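>>> any chance you could fold what I've pasted below:
(2 chains)
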Amino acid sequence: MTEYIQNPVLWAVVVVLVAAIAVIVRQRKSAQALRHEIDGLRSHYSDLENHYAQSVAAAQEQAEDATKTVLKSAMRTLQGLAAEQQLVVSRLQTKYGDSTILQDLLEIDHTNSQFGRRAQSIAVLCDGWLGRHRDAASVYDVVRSAQGRIRHYRRVEILSQVDFGITSRAVEPVALALAELLDNATSYSSPDSVVEINIRTVPKGICIVVDDAGVGMNDEERARAEKLLSSERVSGVSGLGNPPQFGFAVIGVLAERFGFEVSVDSSSPYGGVRAVVLLPHDLLTAMPEQKVQAPAVSAAAVPHPAGPEPSLTAATTADGLPRRRRKRPMAIVPGSAGGAGGTGGGTAGRGSGSRSGAETAAIMGAFQRGTQSGRAAHDDRAGRTDQTSGTTGASSEGHEVS
Amino acid sequence: MTGPGEWEPEAAELVRPYVITKGRGLPDEAELSLITLVTAAPEGPRRPTRLSPEEQRLLDICSAGYLSVAEIAGHTRLPLGVVKILLAALTEGGYLITRPPVARAPLADREILEEVLNGLRAKFG
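Purely as a prediction, here's the structure:
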């Protein structure tokens, strides 16, 4: 044993052992400290990461808001101008209705409508102004309004009509959404194909079905469209792609906000896309009175205030009004009440509207002159040598009659 | 999106005239002038449902007898040219008949009038 004790190798081994133990203990301690530190750092890092993500999102949101605000007010100006121009063009159309300029005015009107719609679409994505107030309108008119807002409106055909109106609140959004659908339908189908619109009554409300004969959508496009039409879409103007595709995003926003449904998940019998707009009963109303009739009534009633017209007018506000009103000028034609027929009545009716008092007087005078000269000739055949003196007298009498 | 205060009272017609005409061009002046007379075709009752409300209305107006184009336009709120386009289309479709205006009577010859006057004087005077 002593030889072992005296063996320096043993001592060396012991020393090394002790040293090793000491080192291990120290290492452990420092490792633990390091581990702590790492944990701390890690949590700090994730904190930072969270903060970063938050501030990036906030910045993004702020930027988006700023963009929206700018676009919104810019579009508001453009929309206002487009609406103003539309009124001016309407006025010109009435003013130069009989001229060949009308053709060009109609074209300007068409371009202006498209311009207005583009601005409106961007405004919708920015929560902006939707347009001026509209009265409730028939579904058919709303569809035609949508038709007028796209470039290739001539290729759109409306195949059926229903006797329903759309509430004034929903007129503009439905027209705009439908215009976007029609724009897609006409843009993605060949230039000589027709886009068909069918309007149908269904238990849930009314369906407006748009069928195109285009190439349809592939799965990716369909998925994108469905996402934009559903509520999970991102709002705002970012992420519309380049060039931006507004259509489905606009439709999605409008449908959600005004409570109608749009789906594009079926294909049309012509191979293209079938888009279906479902308008629930909330957005529907009875067929509105035709606005055209109101001014026509007053315009026709003013020149002929005599006779039983008021009761006539009141009795026939529904259909057949124009026919009734046509009888009024006929009735005041002297001596030809019923039997004169349409032609005579028509000419007389127009005449009394456009003739001046002097002309009417002249005509009445001539009539009077004729009968009087006839009677005079009969009564006093021999005594009359000069016809002109009698004519002058009759003429003044004629003025009094009229 | 839009507060009630933001709505403004005035808005142009919802359906634009070029949609009503379906983009058709103006008819020839010779074919349809202001004083051309128009009436509904005799086989009126079977009226197709595919016509637009404006066309239906024009048929209603024309069903009472001959009316001039100017007068028909006065009964609608549409620009005159638009009414002309619709009337031309309806005529083409066989729903309406047009009749050119009655030609203006030529003024009677002065000599003839004098001869008649002389004759009358000779007989009654």
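>>> residues of the stretch 101-250 of chain A that sit close to chain B?
Remark: the part of the stretch 101-250 of chain A in contact with chain B comprises A:102-103, A:106-107, A:109-110, A:113, A:124, A:127-134, A:137-138, A:140-142, A:144-145, A:147-148, A:153-154, A:159, A:161, A:171, A:175, using Cβ under 8 Å from any Cβ of the partner chain. (Glycine included, C-beta is placed from N, CA and C.)
>>> now, these that are in strands?
Under the assignment DSSP state E, those contribute A:137-138 to strands.
>>> in chain A, which spans are strands?
Taking DSSP E as the criterion, chain A carries its strands at A:137-138, A:156-158, A:165-166, A:195-202, A:205-211, A:261-267, A:273-280, A:284-285.
>>> need those strands in CSV (columns: mean pLDDT).
Listed next are these as CSV, based on pLDDT from 0 to 100:
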stretch, mean pLDDT
strand A:137-138, 90
strand A:156-158, 91
strand A:165-166, 90
strand A:195-202, 92
strand A:205-211, 92
strand A:261-267, 87
strand A:273-280, 92
strand A:284-285, 88
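>>> a markdown table for those, including mean neighbour count?
A markdown table is the format used below for the strands of chain A (neighbours: other Cβ atoms under 10 Å in any protein chain shown):
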| stretch | mean neighbour count |
| --- | --- |
| strand A:137-138 | 24 |
| strand A:156-158 | 18 |
| strand A:165-166 | 25 |
| strand A:195-202 | 18 |
| strand A:205-211 | 21 |
| strand A:261-267 | 16 |
| strand A:273-280 | 22 |
| strand A:284-285 | 18 |
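>>> quick one, which of these is nearest to A:Gln54?
Closest to A:Gln54 of the strands of chain A, according to Cβ to Cβ: strand A:261-267, at 34.6 Å.
>>> adjacent strands (with direction) for that closest one?
Applying DSSP bridges, strand A:261-267 is found paired with strand A:273-280 (antiparallel).
>>> any idea of the angle the strand it pairs with forms with strand A:195-202?
30 degrees (axes from the mean of the first three to the mean of the last three Cα atoms, to 10 degrees).
>>> hang on, the earlier thing: now distance to A:Gly97 too, for the strands of chain A, in TSV please.
TSV is the format used below for these (distance: least, Cβ to Cβ, whole Å):
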stretch	distance to A:Gly97
strand A:137-138	23
strand A:156-158	25
strand A:165-166	28
strand A:195-202	29
strand A:205-211	32
strand A:261-267	38
strand A:273-280	34
strand A:284-285	32
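>>> for A:Tyr188, which of those is the nearest?
Closest among these, once you apply Cβ to Cβ, is strand A:273-280, at 7.5 Å.
>>> now check the helix ranked longest in chain B, is it near chain A?
As assigned by DSSP state H, the longest helix anywhere in chain B is helix B:110-124. Yes: counting by Cβ under 8 Å from any Cβ, chain A has neighbours in helix B:110-124: B:Phe124.
>>> give me the mean pLDDT for that helix.
Per-residue pLDDT values over helix B:110-124 give a mean of 92.
>>> now do it: distance to the chain's middle.
When C-alpha coordinates are averaged (Cα atoms, centre = their mean, to the nearest Å), helix B:110-124 and its chain have centres 42 Å apart.
>>> where in the stretch 201-350 of chain A is pLDDT low?
A:231-236, A:239, A:241-242, A:290-350 (pLDDT under 70).
>>> need the helices for it, in chain order.
Secondary structure of the stretch 201-350 of chain A (DSSP state H, counting those that start in this stretch): helices at A:219-229, A:247-258, A:293-301, A:309-315, A:321-331, A:341-354.
>>> repeat that for chain B.
B:17-20, B:53-62, B:69-75, B:80-92, B:110-124.
>>> what helices or strands is the fourth one leaning on?
Just to be clear, that refers to helix B:80-92. Using 3 or more Cβ pairs under 8 Å, 6 or more residues apart in numbering or on different chains; DSSP states H and E as the contact definition, the elements that helix B:80-92 packs against are helix A:101-125, helix B:17-20, helix B:53-62, helix B:69-75, strand B:96-99.
>>> which intervals of chain B have sub-threshold pLDDT?
B:1-10, B:43-49.
>>> indicate the residue of it located nearest to chain A.
Residue nearest to chain A within chain B: B:Gly65 (1.3 Å; Cβ to the nearest Cβ).
>>> from what I see, B:Ala11 and A:Arg134 are in contact.
Yes: with contact defined as Cβ atoms under 8 Å, B:Ala11 counts as touching A:Arg134 (6.0 Å).
>>> who's more crowded, these two?
More crowded of B:Ala11 and A:Arg134, by other Cβ atoms under 10 Å in any protein chain shown: A:Arg134, with 20 against 17.
>>> wait, what's in contact with the nearest residue to that one once chain neighbours are set aside?
Among residues not flanking A:Arg134 along the chain, A:Val171 sits closest, at 4.1 Å (Cβ to Cβ, 6 or more residues apart in numbering or on different chains). Shown in contact with A:Val171 (Cβ atoms under 8 Å, 6 or more residues apart in numbering or on different chains): A:134-137, A:142, A:145, B:14.
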